[in-house]
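Participant: everything below, folded, please.
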Amino acid sequence: MLFLQFPLLAVFLPGGDNAEELGLLPPRAAPEHVSFHVIQIASFANQSWAQCQGSGWLDELQTHGWERESNKIIFLHTWSKGNFSNEEFLDLNVLFRFYTIGLMRDVQAHASQYPIEYPFEIQMNAGCELHSGESPKSFFQVAFKGVALLNFQNTTWVPSPDSGSLAQSVCDLLNQYDGIKETVYTLLRSTCPRFLLGLLDSGKMYLHRQVRPEAWLSSRPSLGSGRLLLACHVSGFYPKPVWATWMRNEQEQLGTEYGDILPNADGTWYLRVTLDVASEEAAGLSCRVRHSSLGGQDIILYWGHHFSMNWIALVAVMVTLVILIVLVLWFKKHWYRFETGTYSC
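Facilitator: Residues are numbered from 1 along each chain as shown. Take a look at the predicted model:
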């Protein structure tokens with residue numbers, strides 16, 4: 001099979017032979033916990049059409065993409081190359097191109113040998129994790145139609161629990177090829193941890209930045225008469241850890257519901273915290289926000305005050321506009337008198 005040729009490219013892999021790079025010793029200056037992983041989704045519509053999508057992630061931050069037409073790695077940040085040279089990335093690109101093209105051709109060529117019906121997708125998630133004071137951990141997970149199929153453990157492909165005969169057949173096939181297993185092991189245990197550390201170093205200014213959140217309140221009628229659903233919105237903050245809740249005086253309110261922390265397009269985060277209350281009980285409530293960028297000064301928004309603040313802002317804008325209009329009219333009037341010679345001091 002074509003994709004079985006890619007172990008021949010292992011001689012070009014970035015890496016070394018010392019114990020640290022091979023994952024036998026903890027890497028230097030490893031953070032408390034961080035991971036880098038590559039996600040690949042191969043979609044097969046029929047025996048003649050298939051496409052592959054790929055991306056690279058530093059924890060929850062996407063750092064790389066995959067250009068399907070040219071089969072090239074896309075760098076999404078100026079620091080996405082880490083400490084790897086252009087030559088090292090060229091070698092990795094060749095490796096991934098061989099693998100991607102070979103995977104799609106070989107799956108289509110052998111799909112008829114298994115009880116597989118089109119269309120279907122194969123999902124892969126592979127990478128490494130660094131834990132402070134521990135040796136790097138690696139993973140390679142494969143799923144078929146969203147269901148776990150097999151994993152790479154140590155140097156062997158093993159079927160996932162309850163994955164059936166298809167997983168066992170694929171594992172039996174892959175385990176015949178020591179070259180593939182050696183290449184995957186080198187990528188996961190040597191190349192990936194070294195690249196991850198370089199990525200953390202080259203991107204430290206971006207990754208360690210502090211961005212202050214913005215917060216505002218909103219409401220809408222809730223289910224049941226005379227009730228309100230109060231919402232506290234916190235947006236634009238980085239890093240991700242944040243604390244926000246509804247309070248009365250210094251007492252956190254039971255019934256507060258927390259949404260998922262969602263990504264914004266600019267790499268910052270958003271959180272929505274809600275509280276369902278009777279309309280007459282809304283007065284006196286506040287939303288308190290804590291984040292590392294605030295320097296210990298919490299954001300506190302009081303329910304009811306935000307409306308007056310909005311009105312103050314609106315009035316300020318209107319007054320500014322009125323002043324500008326008056327100034328423009330005054331300037332036009334005196335400029336006309338000056339041009340016509342009727343202006344006097």
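
Participant: could you check how far the closest residue to residue 132 other than its chain neighbours is from residue 130?
Facilitator: Counting by CB to CB, 6 or more residues apart in numbering, residue 132 lies nearest to residue 32, which is 4.7 Å off, once chain neighbours are set aside. Every residue, glycine included, has its C-beta placed from N, CA and C. Here the criterion is CB to CB, to the nearest Å. By it, residue 32 lies 9 Å from residue 130.

Participant: those two: which is more packed in?
Facilitator: Neighbour comparison, residue 32 and residue 130: the larger count goes to residue 130, with 23 against 8 (by other CB atoms under 10 Å).

Participant: could you verify that that one is part of a helix?
Facilitator: No - read with DSSP: H, G, I helix; E, B strand; the rest coil, residue 130 is strand and lies in no helix.

Participant: please name every helix or strand in contact with the lengthiest strand in the chain.
Facilitator: Longest among the strand segments of the chain by residue count, using DSSP state E, is strand 33-46. Packing partners of strand 33-46 (3 or more CB pairs under 8 Å, 6 or more residues apart in numbering; DSSP states H and E): strand 49-58, strand 61-67, helix 86-110, strand 120-131, helix 192-202.

Participant: hey, which of these is tucked in deepest?
Facilitator: Highest mean neighbour count of the helices and strands packed on strand 33-46: helix 192-202, a mean of 22 (counted as mean count of other CB atoms under 10 Å).

Participant: might you calculate how far it sits from the centre of the chain?
Facilitator: On the basis of CA atoms, centre = their mean, to the nearest Å, helix 192-202 sits 17 Å off its chain's mean C-alpha point.

Participant: can I get it in PDB, CA atoms only?
Facilitator: Provided in PDB are the C-alpha atoms of helix 192-202 (Å, rounded to 0.1, in the frame of the first residue of the first chain):
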ATOM      1  CA  CYS A 192       6.200  16.100  19.000                       C
ATOM      2  CA  PRO A 193       7.500  17.000  22.500                       C
ATOM      3  CA  ARG A 194      10.500  18.900  21.000                       C
ATOM      4  CA  PHE A 195       8.200  20.800  18.700                       C
ATOM      5  CA  LEU A 196       5.800  21.600  21.500                       C
ATOM      6  CA  LEU A 197       8.500  23.100  23.700                       C
ATOM      7  CA  GLY A 198       9.800  25.200  20.800                       C
ATOM      8  CA  LEU A 199       6.200  26.400  20.100                       C
ATOM      9  CA  LEU A 200       5.800  27.500  23.700                       C
ATOM     10  CA  ASP A 201       9.100  29.400  23.600                       C
ATOM     11  CA  SER A 202       8.500  31.100  20.200                       C
END
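
Participant: that one versus strand 120-131: what angle between them?
Facilitator: Between helix 192-202 and strand 120-131, the angle comes out at 70 degrees (axes from the mean of the first three to the mean of the last three CA atoms, to 10 degrees).

Participant: now helix 192-202: mean pLDDT?
Facilitator: Across helix 192-202, the average pLDDT comes to 96.

Participant: pLDDT score for residue 110?
Facilitator: Reported pLDDT for residue 110: 80.

Participant: look up how far residue 44 lies from it.
Facilitator: Residue 110 sits at a distance of 12 Å from residue 44 (criterion: CB to CB).

Participant: do you know how far residue 71 is from residue 52?
Facilitator: 8 Å.

Participant: which neighbours do the two have in common?
Facilitator: Residues touching both residue 71 and residue 52 by CB atoms under 8 Å, 6 or more residues apart in numbering: residue 100.

Participant: need the contact list for residue 228.
Facilitator: Applying CB under 8 Å, 6+ apart, the residues contacting residue 228 are 219-222, 276-279, 282.
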